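Enquirer: can't give you the sequence, but here's the structure:
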């Protein structure tokens, strides 16, 4: 059963006008990757809703202060290095994502090129390659495709499916889903609030 624009706005009230833009993209993506039934759809919308700031952010914001850099990546920055790149998103991305996730060293620019995009932030060369292969898109040369609503939604549904998250949703293991999406439990209170709203709306 596809969701409506009205339901999407009830679940993600801060989405505003973009809810109307995203509803068909989300329905198509969920249908393609068999994210169906109340438990799966509610969990999926909760995670993509949180990760994307309620559908308003499709590319990772790396505009960190020096304090934010040290707090977020204590192993990558000290006061000196953090101060030198604070508020310089491209330099920050190239440092924090250098030589990991299939990216080359900082000088290659891969960190910035393959920073998080889509409704569940696809990050790093290896993930762009895998996602592009699954969706028949050349994301390695056109990573910005994931900033378009249809591909932002499809990439999130691909991530969801390839990580077995529908099965976790069926078992109502929401915390386990968050750990797969986030690597930890950042923003769990907000994710749970959206999940509960979605369960109430999707009856």
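Expert: On my side now, so go ahead. The model shown is predicted, which means the values in this text are computed figures rather than measured ones.

Enquirer: so what's the residue located most distally from the centre of the chain up against?
Expert: Most distant residue from the mean C-alpha position of the chain: residue 80, 30.4 Å away (CA atoms, centre = their mean). The contact partners of residue 80, by CB atoms under 8 Å, 6 or more residues apart in numbering, come to none. For the C-beta atoms, the positions are set from N, CA and C on the backbone; glycine is no exception.

Enquirer: do residue 141 as well
Expert: Going by CB under 8 Å, 6+ apart, residue 141 touches no other residue.

Enquirer: any idea how far residue 189 is from it?
Expert: According to CB to CB, to the nearest Å, residue 141 and residue 189 sit 39 Å apart.

Enquirer: Any stretches of the chain with poor pLDDT?
Expert: Along the chain, segments meeting pLDDT under 70 are nowhere present.

Enquirer: all helices of it, in order?
Expert: With DSSP state H, the ranges of helices along the chain come out as 5-11, 18-32, 38-51, 66-72, 79-85, 89-96, 110-113, 125-135, 149-162, 165-170, 174-182, 188-201.

Enquirer: List the buried residues in the third one.
Expert: By neighbour count, with 16 or more other CB atoms under 10 Å as the criterion, the buried positions of helix 38-51 are 39-51.

Enquirer: so who does residue 113 touch?
Expert: residue 143.

Enquirer: on that earlier part again, how about the helices of the chain in TSV, adding distance to residue 58?
Expert: What follows is these, written out as TSV (distance: least, CB to CB, whole Å):
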stretch	distance to residue 58
helix 5-11	16
helix 18-32	10
helix 38-51	10
helix 66-72	20
helix 79-85	24
helix 89-96	15
helix 110-113	16
helix 125-135	14
helix 149-162	5
helix 165-170	20
helix 174-182	16
helix 188-201	17
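
Enquirer: Any idea which of those gets closest to residue 102?
Expert: helix 125-135 (3.2 Å; CB to CB).

Enquirer: hmm, who's touching the closest one?
Expert: Contacts for helix 125-135 (CB under 8 Å, 6+ apart): 101-104, 110, 114, 122, 137-140, 143, 146, 151, 154-155, 158-159, 162.

Enquirer: With stretch 53-69 instead?
Expert: With CB under 8 Å, 6+ apart as the criterion, stretch 53-69 contacts 12-16, 18-19, 22, 48-49, 52, 72, 76-77, 79, 82-83, 85-87, 89-90, 92-93, 96, 115-119, 121, 123, 146-147, 149, 152.

Enquirer: Now, of these, which are buried?
Expert: Looks like the contacts of stretch 53-69 have 12, 15, 18-19, 22, 48-49, 52, 77, 82, 85-86, 92-93, 96, 115-119, 121, 123, 146, 149, 152 buried, using 16+ other CB under 10 Å.
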